[in-house]
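S.K.: predicted model follows, preceded by the sequence.
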Amino acid sequence: MDTIASLFSFITTPVSWVIVQFHKLYGALFGDDTGWAWGLSIVSLVVLIRICLIPLFVKQIKSTRNMQVLQPKMKAIQERYKNDKQRQSEEMMKLYKETGTNPLSSCLPILAQSPFFFALYHVLSSIASGKTIGVIDQPLLDSARQAHIFGAPLAAKFMDSEEKVAALGASLTDVRVVTAIMIVMMSASQFFTQRQLMTKNVDLTVKTPYMQQQKMLMYIFPVIFAVMGINFPVGVLVYWLTTNVWTMGQQMYVINQNPTPGSKAQDQYLGRVLKSVTTHGQVRGRTRRNTVKAIVAKGPDRNDIERKFITGLGKLGLAAQEDGTVAKSDAAVLEAEGGAAPKRQQPKRQPKAKRHTAATQPGTAKASSSTGSEAKTSLEKRDASQDDKPKAAGKSAASGSSRQAKSGQRKGPQRPKHPSKK
């Protein structure tokens, strides 16, 4: 670790200068040699770095979402060109170029803050060994060596010997208890951050190997941090715990305000928007209007959660507009003015047995009259059929007599016999 940190020695001077400036501020409040002054200086360094990295964090979010959306297409390319790795790579790069996606963008925040992390490690290691570094001169070095956080020196490690810890004016038990608690908190914050991302902000309709990899990282990263944490000084643990908490809070804000389409977080977010529209009768907030505008622009390509939101607006008599606002729909206006005609209900068809019973046993005059008319109609039909019956009967009688005259012969025309059989 010392060798890696020495590679970033060029940035140790800026990092040490920032820490010293914050130390002057907090030293005036808590005292120059206190752990609060030096600890809050490290926390402020983290906050300053993460504020500068917000644009990279936004790129990371966009890249992660694009990668999730592209997973089905990537899987199709892999299956199509599974025997041609070169063509597979070319198609992948073409897909990234067409969609403007950079797979490395998801790693940008970590890569960007790595130099500051190793530079801080180098500064704290120099303080532990009693060497001046950057703008930290001998008086500041002595002050930093006397600073303790809950009884643990900033430069002490979990694996340090008792003699080394005693030289920093602390006990080995205090150092190991404090460092163990901070390592557990650091690993737990890392696990919760990744779990929050996987359970709330992932499109549940897409099942790809990418999701399985992210799920594995959710368990692997905390273990890696726990193993590496025993070799980190207390000051570095403060730095890493602070940056994990910042990442967790930043991600929580993004999930609540701009969730991934198709995710559980989007369902909860649109539910809050619908509740707000129900209360106030309008979409409040620029971010929410942009969300509604994007849903309207999708048209038939909306997912189930977005269709549910549009249906919910319709039940309120509202319709989403192209500019992200809502307005009363025509059907809601007609219903409110009383101009909507009631729908005509079709009579329920009765069973056959019930209809037969009603016809044979009429209970009212109306039923009897209808029965009489039906009987009259049937008699007329019967008379008409009898008028036509003699004609058919005569024809049938003639044909019957011809058949009876030649009884024993086959019906229909007879085939002539062969001359030899005469």
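M.R.: Yes, it's here. Numbering: from 1, shown residues only.
S.K.: who touches the closest residue to V238 other than its chain neighbours in this structure?
M.R.: Distances taken as CB to CB, 6 or more residues apart in numbering put I42 closest to V238, at 5.0 Å, once the chain neighbours are dropped. Every C-beta, even on glycine, is put in place using the N, C-alpha and C of the backbone. Contact criterion CB atoms under 8 Å, 6 or more residues apart in numbering gives 19, 120, 154, 235, 238-239, 242 as the residues in contact with I42.
S.K.: which of the residues in stretch 126-142 are classified as buried?
M.R.: Residues 126-128, 133-136, 140-141 are the ones in stretch 126-142 that count as buried (16 or more other CB atoms under 10 Å).
S.K.: pLDDT below threshold where in the stretch 151-300 of the chain?
M.R.: Along the stretch 151-300 of the chain, the parts satisfying pLDDT under 70 run over 202-214.
S.K.: which residues of it fall in strands?
M.R.: Assigned strands in the stretch 151-300 of the chain, in chain order: 152-153 (criterion: DSSP state E, counting those that start in this stretch).
S.K.: can you show me the helices along it?
M.R.: Assigned by DSSP state H, counting those that start in this stretch, the stretch 151-300 of the chain shows helices spanning 162-167, 172-200, 209-229, 234-257, 264-280, 286-298.
S.K.: and the ones you listed as a markdown table, adding distance to K75 and mean neighbour count?
M.R.: Compiled in a markdown table, the helices of the stretch 151-300 of the chain are given as follows (distance: least, CB to CB, whole Å; neighbours: other CB atoms under 10 Å):
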| stretch | distance to K75 | mean neighbour count |
| --- | --- | --- |
| helix 162-167 | 53 | 14 |
| helix 172-200 | 19 | 18 |
| helix 209-229 | 7 | 15 |
| helix 234-257 | 25 | 20 |
| helix 264-280 | 23 | 17 |
| helix 286-298 | 23 | 16 |
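S.K.: re earlier: and the buried residues of stretch 126-142, which two are furthest apart?
M.R.: Across the buried residues of stretch 126-142, the longest distance by CB to CB is 17.8 Å; it joins A128 and V135.
S.K.: can you tell me the closest non-neighbouring residue to M92?
M.R.: I77 (6.2 Å).
S.K.: other SSEs contacting the helix or strand containing the one you found?
M.R.: Taking DSSP states H and E as the criterion, the element that holds I77 is helix 54-80. Judged by 3 or more CB pairs under 8 Å, 6 or more residues apart in numbering; DSSP states H and E, the packing partners of helix 54-80 are helix 85-99, helix 108-128, helix 209-229.
S.K.: buried ones in the shortest one?
M.R.: Of the residues in helix 85-99, 88, 91-92, 96 count as buried by neighbour count, 16+ other CB under 10 Å.
S.K.: now that helix and helix 54-80, what's the angle there?
M.R.: Using axes from the mean of the first three to the mean of the last three CA atoms, to 10 degrees, the direction of helix 85-99 lies 140 degrees away from that of helix 54-80.
S.K.: T132 contacts L141, correct?
M.R.: Yes. Checked against CB atoms under 8 Å, the pair T132 and L141 is within contact range at 5.5 Å.
S.K.: quick one: K264 and Q196 touch, right?
M.R.: No. Contact between K264 and Q196 fails when scored by CB under 8 Å: they sit 10.7 Å apart.
S.K.: give me the nearest residue to A152, chain neighbours excluded.
M.R.: Nearest-residue entry for A152: V178, 3.9 Å, with adjacent residues in sequence omitted and distances by CB to CB, 6+ apart.
S.K.: OK, contacts around the one you found?
M.R.: Applying CB under 8 Å, 6+ apart, one finds that V178 lies in contact with 149-152, 234.
S.K.: same question for M248.
M.R.: The contact partners of M248, by CB under 8 Å, 6+ apart, come to 189, 192-193, 196.
S.K.: okay if I get those residues as TSV plus distance to M182?
M.R.: Formatted as TSV, the entries for the contacts of M248 read as follows, by distance: CB to CB, whole Å:
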residue	distance to M182
S189	11
F192	16
T193	16
Q196	21
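S.K.: can you get me a residue count around P153?
M.R.: P153 sits with 30 neighbouring residues when counted by other CB atoms under 10 Å.
S.K.: wait, it touches D160, no?
M.R.: No. Contact criterion CB under 8 Å: P153 and D160 do not qualify, at 9.4 Å.
S.K.: between the two, which contacts overlap?
M.R.: Here P153 and D160 have V175 as joint contacts, going by CB under 8 Å, 6+ apart.
S.K.: residues near the nearest residue to R289 once chain neighbours are set aside, how many?
M.R.: Among residues not flanking R289 along the chain, G324 sits closest, at 3.3 Å (CB to CB, 6+ apart). When counting by other CB under 10 Å, one arrives at 20 neighbours for G324.
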